[in-house]
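A.B. asks: Everything below, folded, please.
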Amino acid sequence: MVSGTAPIAPNGGTAAPGDLYGQTKRCLEIIEKAINDAGGKLEHVVRTRMFLKEMHGWENAARAHGEFFGAIRPAATMVQIVQAIDPSWLIEIEADAIVA
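C.D. replies: Numbering: from 1, shown residues only. Have a look, this model is predicted:
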């Protein structure tokens, strides 16, 4: 399980400020690395949960998610949250994978 993945840039700041698509891609890149480091692949992901600061523009998060998981099609949930830990984060993502 990869939980609470935030759009953290390599320098420690927020990746793609104000850009939901860019932040979603960054979260998914972090998730992919965590799964690869555990010996798995994105194909092992069975569920994702996306927590959006606001639902406006949700299509941008869905588009980025589809670029990573379009052929895999894990169960996916997208919900709006009141506030992330950092107000500049537009999204956080969790993923569950089964790696044999």
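A.B. asks: strand partners of the helix or strand of the chain with the lowest mean pLDDT, parallel vs antiparallel please.
C.D. replies: Confidence across the helices and strands of the chain bottoms out at strand 2-5, with a mean of 92, counting by mean pLDDT, DSSP states H and E. Here strand 2-5 has these sheet partners by DSSP bridges: strand 91-97 (antiparallel).
A.B. asks: ok, back up a step: which parts of the least confident helix or strand of the chain count as buried, going by neighbours?
C.D. replies: 2, 5 (16 or more other CB atoms under 10 Å). Backbone N, C-alpha and C define where each C-beta goes, glycine included.
A.B. asks: and what of stretch 34-41?
C.D. replies: Quick answer for stretch 34-41 (16+ other CB under 10 Å): 34-35, 40.
A.B. asks: quick check: longest helix of the chain.
C.D. replies: Determined from DSSP state H, the single longest helix within the chain is helix 20-37.
A.B. asks: What helices and strands are in contact with that helix?
C.D. replies: strand 2-5, strand 45-52, helix 58-69, strand 91-97 (3 or more CB pairs under 8 Å, 6 or more residues apart in numbering; DSSP states H and E).
A.B. asks: I'm done for today, thanks for sticking with me.
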